[in-house]
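1. Provide a 3D model corresponding to the input given below.
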Amino acid sequence: MQKKQLTQQQIKLIKGFQKNEITEYYIYSRLSRKIKNEENAETLKRIGDDEMRHYMFWKEYSGADVKPNRWKVFKFYWIARFLGITFGIKLMEKGEEGAQEAYKKACEFIPEAKQIVEDEDDHEKQLIDMLQEKKLEYVGSIVLGLNDALVELTGTLAGLTFALQNTHLIAIAGLITGIAASFSMAASEYLSTKHEGGENALSSSVYTGLAYIVTVVVLILPYALFTNYLVCLALTMSFAILIILFFNYYISVAKDLNFKKRFWEMFTISMGVAAFTFGIGYLIRVFLGVDV
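-> Here you go, the predicted structure:
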């Protein structure tokens, strides 16, 4: 069947689709050759093959080859390698949500595209959902470690800041408290998971402990570097907010959860506890006459 003559604007739109499809083909293909999990590698290869078929479909109408976006290939390849393939791929797909309107527009002058686009999108989502990533299996343990560290340490450091007003002493006291609490939390997670019949109790406890310790180090860092206790407290609170922001964004993308709800819930609890203990630290200093 002879194809309908397309305008220059329509061809330009189709070439945009081609560029996107060939770019994602290179991303999926490169990742499929690098990851160790054979099932994930096969899944990524299949998605890449779908992208190439999609590219070839559009090429029939544009009549031209289009080069991939090299920067996008580089960016999302390394995001996936460092932060996990599930996060990297879903972040990339999230950025393509606006493309649906452009596809609808193309379907007006290429009716055959409608079914192909729908089939490809559904198939791609199903394949992405098949990805298995170990770190996402322990999200609950990481959340436990982060939440506990943020609530306890922001509160402890806020209280110590006004009670002691000595950054080195605050850093030492906070570090001792944080390390002890991280081991306690990891042990509790191990016993809890094992008691519930979990097969990966040790791994869960390790993820919980590591999340706790990393958070402790980040929150205490300002007190180890600066001498003005108010500046240190402000930096610590800022770091806490950034941790809450980044982690909740990561989880919301990787597991398709509501970002705003999770962020504000975690933010309110952590900052509320910090404000409360800050006040307690001030009262202790005033009424007990602590002077370090």
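2. the most centrally placed residue in the chain and residue 234, how far apart?
-> Geometric centre of the chain, nearest residue: residue 250, 1.7 Å, by Cα atoms, centre = their mean. Applying Cβ to Cβ, to the nearest Å, the value for residue 250 to residue 234 is 25 Å. Glycine gets a C-beta too; all of them are placed from N, C-alpha and C.
3. what's the answer for residue 102, then?
-> Distance, residue 102 to residue 234, using Cβ to Cβ: 45 Å.
4. of those two, give the one with the bigger neighbour count.
-> More crowded of residue 102 and residue 234, by other Cβ atoms under 10 Å: residue 102, with 15 against 12.
5. from the contact counts, what lies against the helix or strand hosting residue 277?
-> Assessed by DSSP states H and E, residue 277 sits inside helix 259-288. Applying 3 or more Cβ pairs under 8 Å, 6 or more residues apart in numbering; DSSP states H and E, one finds that helix 259-288 makes contact with helix 139-164, helix 229-254.
6. quick one: which of those is nearest residue 56?
-> Closest to residue 56 of the helices and strands packed on helix 259-288 is helix 229-254 (Cβ to Cβ; 29.7 Å).
7. what's the closest one packed up against?
-> Judged by 3+ Cβ pairs under 8 Å, 6+ apart, helix 229-254 is in contact with helix 85-94, helix 139-164, helix 167-195, helix 201-225, helix 259-288.
8. what's the closest of those helices to residue 8?
-> Between the helices and strands packed on helix 229-254, helix 85-94 lies closest to residue 8; by Cβ to Cβ that is 29.0 Å.
9. quote the end-to-end distance of stretch 77-90.
-> 12 Å (Cα to Cα, to the nearest Å).
10. what mean pLDDT does it have?
-> Averaged across stretch 77-90, pLDDT comes to 84.
11. now it: buried residues?
-> By neighbour count on 16 or more other Cβ atoms under 10 Å, the buried set for stretch 77-90 is 77, 79, 80, 84, 85, 86, 87, 88, 89, 90.
12. and the residues you listed as JSON lines, adding distance to residue 228?
-> Listed next are these as JSON lines, based on distance: Cβ to Cβ, whole Å:
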{"residue": "77", "distance to residue 228": "42"}
{"residue": "79", "distance to residue 228": "36"}
{"residue": "80", "distance to residue 228": "41"}
{"residue": "84", "distance to residue 228": "38"}
{"residue": "85", "distance to residue 228": "43"}
{"residue": "86", "distance to residue 228": "42"}
{"residue": "87", "distance to residue 228": "37"}
{"residue": "88", "distance to residue 228": "39"}
{"residue": "89", "distance to residue 228": "44"}
{"residue": "90", "distance to residue 228": "41"}
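13. no further questions, thank you.
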